[in-house]
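Participant: This is a predicted model, with the sequence first.
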Amino acid sequence: LSRGWGVILAACFAGTLLLGGEVRFLPRALLAILAALLLGTLTVAVTEGGFGAAVGVLSEEFTRRAAEIQRAWQEFTAQPQWQELARDNAGADALAAQVEAQFTALPTAAKVLMPAMLALESLAVLALAWALYHRFGRVRLGPPLAALRDLRFHDGLVWGLIAGLLVLVVPMPNAFAAFGINCLVFFGALYVMRGLGVFVWFLRPGKWMAVLWSIVLVMFWSVIAAVALVIGVGDTWLDWRNRPRPQSQRSE
C-alpha cells in the first residue's frame, strides 16, 4: 500500500512539474498530493473489496503495530528498575496505565487520521527531495526552499481549516466528520509551521538560541503549537512580517 502510494505521488509530482509556468515547491507539492489522494481513492474504489477491504487491512496493520508497542511497554514496566521507581513514586503506576490506554486507543485514531498524516509525511518527503535536488543538481526546477522565517503560502488555504471546523460543528455523518478532522490536522499543521516562521522572524535567534528554542519546542510542543496556530492563522489577515519590528527604547 505504501509503495503504491509512493508511485502515485511521485508520478503526480512529476506531472505537476511539466505543467509549465513558475515552478514553486509548495503549490506543486499540494497539487500533487491532492491528485495522488484522488487517484488513490479511485484506485481503491474500483479494486475488489473496495473501501471495506482497504479499511480492514489498515485496521489490522495499525492494531498489530499498536500491540507490539504495548507489549514492549509492558515488558519495560515489568523490569525491576521500573518497579523500584513505582514504589518510590506514587504517580508512576498511574502514568504507566495512562500510556497503555493511549496505546490501546492508537489504532482507532490512526485509522481516522491516516489521510492527513500520509499527506503531511508526503509533503515532508517532497520537501526533502526538493532540497536535496537543489543542493546537488545543476539544473534548477524553481527557487530553493525558503528558510522557516520566510515561510508563506496562499491565504486561500485558510478555507481548508474553516471547512474542517464547519464540518465538525454542523451535525453530519461519520464520514464527513472524519473528513473535517483530517482537514483540521493537515491545514492546521501548515499554519503551525507558518506561525513558527513568524515567531522565528520576530525573535531572530542566533545559532545557540535556536538550539535552545528547539529544546523548548520539544518539551512544550502542545502549548507552542497552539500559540503558533493562532499566530499563523492571524498572519493571513495581519501579515505580521510586513509590519515594522518594535525598536527598543534606550535612555541616553
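Facilitator: Okay, I see it.
Participant: So for stretch 29-46, mean pLDDT?
Facilitator: Taken as a whole, stretch 29-46 has a mean pLDDT of 85.
Participant: whoops, I mixed them up, stretch 231-249
Facilitator: Mean predicted lDDT for stretch 231-249 stands at 75.
Participant: all strands for this structure, in order.
Facilitator: Secondary structure of the chain (DSSP state E): no strands present.
Participant: how about stretch 78-90: buried residues?
Facilitator: residue 86 (16 or more other Cβ atoms under 10 Å). Any C-beta I mention is one placed from the backbone N, CA and C, and that applies to glycine too.
Participant: send the alpha carbons of it over as CSV?
Facilitator: The C-alpha trace of stretch 78-90 is given here as CSV (Å, rounded to 0.1, in the frame of the first residue of the first chain):
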residue,chain,number,x,y,z
ALA,A,78,7.8,-5.2,34.4
GLN,A,79,11.5,-4.6,34.8
PRO,A,80,12.9,-4.3,38.4
GLN,A,81,14.1,-0.8,37.8
TRP,A,82,10.6,0.4,36.9
GLN,A,83,9.1,-1.5,39.8
GLU,A,84,11.5,0.2,42.2
LEU,A,85,10.7,3.6,40.7
ALA,A,86,7.0,2.9,41.1
ARG,A,87,7.4,2.1,44.8
ASP,A,88,9.2,5.4,45.3
ASN,A,89,6.8,7.5,43.2
ALA,A,90,3.1,7.2,43.7
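Participant: Now tell me what touches it from outside.
Facilitator: 76-77, 92-93, 96 (Cβ atoms under 8 Å, 6 or more residues apart in numbering).
Participant: gap between the two ends of stretch 196-213?
Facilitator: 11 Å (Cα to Cα, to the nearest Å).
Participant: And it, what's buried?
Facilitator: 196-201, 213.
Participant: so how far is that stretch from its chain's centroid?
Facilitator: Relative to its parent chain, stretch 196-213 has a centroid offset of 21 Å by Cα atoms, centre = their mean, to the nearest Å.
Participant: Check which helices and strands the helix or strand of the chain with the lowest mean pLDDT is in contact with.
Facilitator: Lowest on mean pLDDT, DSSP states H and E among the helices and strands of the chain sits helix 2-17, with a mean of 73. Under the contact definition 3 or more Cβ pairs under 8 Å, 6 or more residues apart in numbering; DSSP states H and E, helix 2-17 sits against helix 25-46, helix 92-136.
Participant: before we move on, back to that, taking the contacts of stretch 78-90, please make a PyMOL selection of just the buried ones.
Facilitator: Selection command for PyMOL covering only the buried members of the contacts of stretch 78-90, criterion 16+ other Cβ under 10 Å:
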select buried, resi 77+92+96
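Participant: Tell me the one of the contacts of stretch 78-90 nearest residue 148?
Facilitator: Checking the contacts of stretch 78-90 against residue 148 with Cβ to Cβ, the nearest one is residue 76 at 35.2 Å.
Participant: re the thing from before, with the buried residues of stretch 196-213 in mind, which one is nearest to residue 228?
Facilitator: The closest of the buried residues of stretch 196-213, once distances to residue 228 are taken by Cβ to Cβ, is residue 196, at 4.9 Å.
Participant: wait, what's in contact with the closest one?
Facilitator: Residue 196 sits next to 148, 151, 224, 228, 232 when contact means Cβ under 8 Å, 6+ apart.
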